[in-house]
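Engineer: Show me how the following folds:
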Amino acid sequence: IHCIMDARRRLGLKKGVNTDDSRRRRGETTIQLRKQQKEEGLAKRRNIMINNFVADQSSTSEAPPSKFSDLMIKLNSNDLTAMLEGIRAFRKALSVESNPPVQECIDVGAVPIFVQFLQLEHNTDIQFEAAWALTNIASTERTQVVVDSGAITHLVKQLMSGDANVREQCAWCLGNVAGDCASYRDIILTCGGLEPLIKNVLNPENVSLLRNCVWTLSNLCRGKPQPDLRVIQPAFEAISVLLNNCGDQQTIVDACWALSYLSDGTNERIQQCVEFNVVPQLIQMIASGQTQAVVPALRTLGNIVSGEDHQTQVVVDGGALPVVVPLLSHSKKNIRKEACWMLSNIAAGNKSQVNSLVNTPSLLSQVLLQTSSSTEWDVRKEAAWVISNIATGGSKSNVLKLIENNAIEPLCDLLDVAEVRILLVSMEALESILRHGEAAKIDCAVLIDESEGVDKLELLQEHENEDVYNRAVKILETYFGGEEDDESENLAPQSSTSNSFAFGFSGQTAGTEMPKSTFDFSATPNAPISFL
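Structural biologist: I've put the predicted structure just below:
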């Protein structure tokens, strides 16, 4: 059996449920985009204030859209002072908090000139203002205009500018472009944007520059399809350095989000996290209790334990299990969900890992609380996976501990939910509990009956899903068959000398002549008999 389980795991199939993966990747627990953006921070940021420069919204009166044609004259002049005035006026107009006149700037043909200004190496003030204006255009739905203008190559080049403000603003603009879609992200990577960005991360001029560069790095790691591992690989080392050495909390959080994107995928990606020794720091982050740090760290650890057993073991050996226990009662629903998802992947590991989970004080009882019908469904079904994986992949003692902790009742409560996969894993867990209980002389059938499990299993015999029907029938026939049958229904038919059968009717003796109304089965009928 164990060989079969290992083979299924390697093939990406869930134990006992052939269509699913016992260790579930992030794609199966995808959060809605709007909600994900709320948690992770926006993929784009508009620059309204930077380096003590505040976009004075009242100053847009200097350059309302109707005056943009006049500003274009300044942009096209050879006077550096006039050019600076013109680009600054455009930047201020684009920095208003609501409804910036992006389309008006595009319509007058200003964007190509902004890109030209990025190339004015001798005037960093103009470069800075041009990068800022492009940043705010890229923060809107018109990002494509920035990409099509050819700005990416010049923005990447200016990441090595001698002016820290220019480097920071170009990094910010690239972050907005990368945050728009995976194809724009890949353009930046193809243009060589990662290397100079990492140089700024590892040797920052100031905290503001560091924060913006790390945020941009996180957007280069983000998105589906994921960036090519061969291209993005240098990011792992940079993130490791930040997590182990940086003292700025905002930077650490963004670095951890970047790692959560990078670790979401193949075992090869997960191995990079293991080799760069980030697990101890991630465990410290979830132990901190600070929600901003807990969420990305927990997600990254969840990705790591979805890998191979030896990768999961690094997290277990690091002491993650006791640290997760308080998170199971956290007020934030998504933290409880992520915690259960992580634990379900550990429970899908080898027997030693399952045993470590089961024997962590208070952990099992807290998971069982999350299976309660009063718990949010997203959390409840993740908790169900934890229990099912323990029941089907754990040792006999692990399963008996589930029984001792009253796991049967919440599993029975799950037998009337709408989601087919949860019905299957709940029945799979109950079947394993029945089997181990029977071997240990524990009458789990009675416990299931007392929890209304038998009634629910009988109803599942009418379920439209064939897998659910077959599983319910199998459990009932194996562990509950014949218990409520009437005694007379179990009487075997008795053979008579007249080739007919007596079925135990009162007053009828075997071998006597049957009434004329009975069928003589030895006779050949003249016509087929229809059984209605």
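
Engineer: Where in the protein is the helix or strand with the lowest mean pLDDT?
Structural biologist: helix 2-10 (a mean of 33; mean pLDDT, DSSP states H and E).

Engineer: Can you tell me the SS state at Val201?
Structural biologist: With DSSP: H, G, I helix; E, B strand; the rest coil as the basis, the three-state label of Val201 is helix.

Engineer: Test my guess that Leu174 contacts Gln158.
Structural biologist: No: Leu174 is beyond contact range of Gln158, at 9.7 Å (criterion: C-beta atoms under 8 Å). Quick note: C-beta positions are derived from backbone N, CA and C, even for glycine.

Engineer: Those two - which one has more neighbours?
Structural biologist: Neighbour count, other C-beta atoms under 10 Å: between Leu174 and Gln158, Leu174 has more, with 35 against 26.

Engineer: who does whichever strand or helix holds that one touch, helix- and strand-wise?
Structural biologist: Leu174 belongs to helix 164-178 when elements are defined using DSSP states H and E. Counting contacts by 3 or more C-beta pairs under 8 Å, 6 or more residues apart in numbering; DSSP states H and E, helix 164-178 is packed against strand 49-50, helix 124-138, helix 143-148, helix 151-157, helix 182-190, helix 194-202, helix 207-221.

Engineer: winner for burial among the ones you listed?
Structural biologist: Most buried of the helices and strands packed on helix 164-178 by mean neighbour count (mean count of other C-beta atoms under 10 Å) is helix 124-138; its value is a mean of 27.

Engineer: May I have it as PDB, with CA atoms only?
Structural biologist: What follows is helix 124-138 as a C-alpha-only set of coordinates in PDB (Å, rounded to 0.1, in the frame of the first residue of the first chain):
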ATOM      1  CA  THR A 124      19.400  64.600 -13.900                       C
ATOM      2  CA  ASP A 125      16.600  67.000 -12.900                       C
ATOM      3  CA  ILE A 126      14.900  66.600 -16.300                       C
ATOM      4  CA  GLN A 127      15.500  62.800 -16.200                       C
ATOM      5  CA  PHE A 128      13.900  62.600 -12.800                       C
ATOM      6  CA  GLU A 129      10.800  64.500 -13.800                       C
ATOM      7  CA  ALA A 130      10.400  62.500 -17.000                       C
ATOM      8  CA  ALA A 131      10.700  59.200 -15.100                       C
ATOM      9  CA  TRP A 132       8.100  60.400 -12.500                       C
ATOM     10  CA  ALA A 133       5.700  61.400 -15.300                       C
ATOM     11  CA  LEU A 134       6.100  58.000 -16.900                       C
ATOM     12  CA  THR A 135       5.700  56.300 -13.600                       C
ATOM     13  CA  ASN A 136       2.200  57.800 -13.100                       C
ATOM     14  CA  ILE A 137       1.100  57.000 -16.600                       C
ATOM     15  CA  ALA A 138       2.300  53.400 -16.100                       C
END
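
Engineer: now for that helix, which elements pack on it?
Structural biologist: helix 80-94, helix 102-107, helix 111-117, helix 143-148, helix 151-157, helix 164-178.

Engineer: which helix is the longest one in the protein?
Structural biologist: What stands out as the longest helix in the chain, according to DSSP state H, is helix 420-439.

Engineer: Next secondary structure after that one?
Structural biologist: Proceeding N to C from helix 420-439, the next assigned helix or strand is helix 444-450, under DSSP H and E.

Engineer: Return the residues in contact with Leu262.
Structural biologist: Neighbouring residues of Leu262 by C-beta atoms under 8 Å, 6 or more residues apart in numbering: Cys221, Gln226, Ile232, Ala235, Phe236, Ile239, Arg269, Gln272, Cys273.

Engineer: Which of those residues ranks first by neighbour count?
Structural biologist: Tallying neighbours with other C-beta under 10 Å puts Ile239 at the head of those, with 30 neighbours.

Engineer: which residues touch the helix or strand that one falls within?
Structural biologist: For Ile239, the host element (DSSP H and E) is helix 234-245. Here helix 234-245 makes contact (C-beta under 8 Å, 6+ apart) with 194-195, 198, 201-202, 214, 217, 220-221, 251-252, 255-256, 258-259, 262, 272-273, 276-278, 281-282.

Engineer: Repeat that for stretch 135-150.
Structural biologist: Here stretch 135-150 makes contact (C-beta under 8 Å, 6+ apart) with 44-47, 91, 94-95, 100, 102-103, 105-106, 111-112, 114-115, 134, 152, 169, 172-173, 176-177, 180, 184, 187.

Engineer: And those residues, which of them are buried?
Structural biologist: Buried by 16 or more other C-beta atoms under 10 Å: 44-47, 91, 94-95, 100, 102, 105, 111, 114-115, 134, 152, 169, 172-173, 176-177, 180, 184, 187, out of those.

Engineer: which of the contacts of Leu262 sit farthest apart?
Structural biologist: Gln226 and Ile239 (15.1 Å; C-beta to C-beta).

Engineer: can you redo the helices and strands packed on helix 124-138 as TSV with mean pLDDT and distance to Glu428?
Structural biologist: Below are those laid out as TSV (pLDDT from 0 to 100; distance: least, C-beta to C-beta, whole Å):
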stretch	mean pLDDT	distance to Glu428
helix 80-94	95	58
helix 102-107	94	55
helix 111-117	97	59
helix 143-148	97	47
helix 151-157	98	51
helix 164-178	97	43
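
Engineer: Using a markdown table, lay out those helices together with distance to Leu328.
Structural biologist: As requested, those are exported to a markdown table (distance: least, C-beta to C-beta, whole Å):
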| stretch | distance to Leu328 |
| --- | --- |
| helix 80-94 | 47 |
| helix 102-107 | 46 |
| helix 111-117 | 51 |
| helix 143-148 | 40 |
| helix 151-157 | 45 |
| helix 164-178 | 35 |
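
Engineer: of all the ones you listed, which lies closest to Ser426?
Structural biologist: With distances scored as C-beta to C-beta, the stretch of the helices and strands packed on helix 124-138 nearest to Ser426 is helix 164-178 (42.2 Å).

Engineer: got the angle between the closest one and helix 194-202?
Structural biologist: With axes from the mean of the first three to the mean of the last three C-alpha atoms, to 10 degrees applied, the angle from helix 164-178 to helix 194-202 works out at 130 degrees.

Engineer: angle of helix 164-178 against helix 207-221?
Structural biologist: Using the same axes, to 10 degrees: helix 164-178 against helix 207-221 is 20 degrees.

Engineer: Report the backbone C-alpha coordinates of helix 164-178 in CSV.
Structural biologist: Output of helix 164-178 as CSV, limited to C-alpha atoms (Å, rounded to 0.1, in the frame of the first residue of the first chain):
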residue,chain,number,x,y,z
ALA,A,164,19.9,58.1,-6.6
ASN,A,165,16.6,59.9,-7.2
VAL,A,166,16.8,59.0,-10.9
ARG,A,167,17.5,55.4,-10.1
GLU,A,168,14.7,55.2,-7.6
GLN,A,169,12.1,56.8,-9.9
CYS,A,170,13.1,54.5,-12.8
ALA,A,171,12.8,51.5,-10.6
TRP,A,172,9.4,52.6,-9.5
CYS,A,173,8.2,53.1,-13.1
LEU,A,174,9.5,49.6,-14.0
GLY,A,175,7.7,48.2,-11.0
ASN,A,176,4.4,49.6,-12.3
VAL,A,177,5.1,48.2,-15.8
ALA,A,178,5.9,44.7,-14.4
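
Engineer: how many degrees apart are that helix and helix 182-190 in direction?
Structural biologist: If you take the same axes, to 10 degrees, helix 164-178 sits at 140 degrees to helix 182-190.

Engineer: the inter-axis angle of helix 164-178 versus helix 124-138?
Structural biologist: Using the same axes, to 10 degrees, helix 164-178 lies at 20 degrees relative to helix 124-138.

Engineer: Offset the numbering so it begins at 450, please.
Structural biologist: Got it, first residue is 450 now, which makes that one helix 613-627.

Engineer: and helix 613-627, how far from the chain's centre?
Structural biologist: Centroid displacement of helix 613-627 relative to its chain, using C-alpha atoms, centre = their mean, to the nearest Å, is 29 Å.
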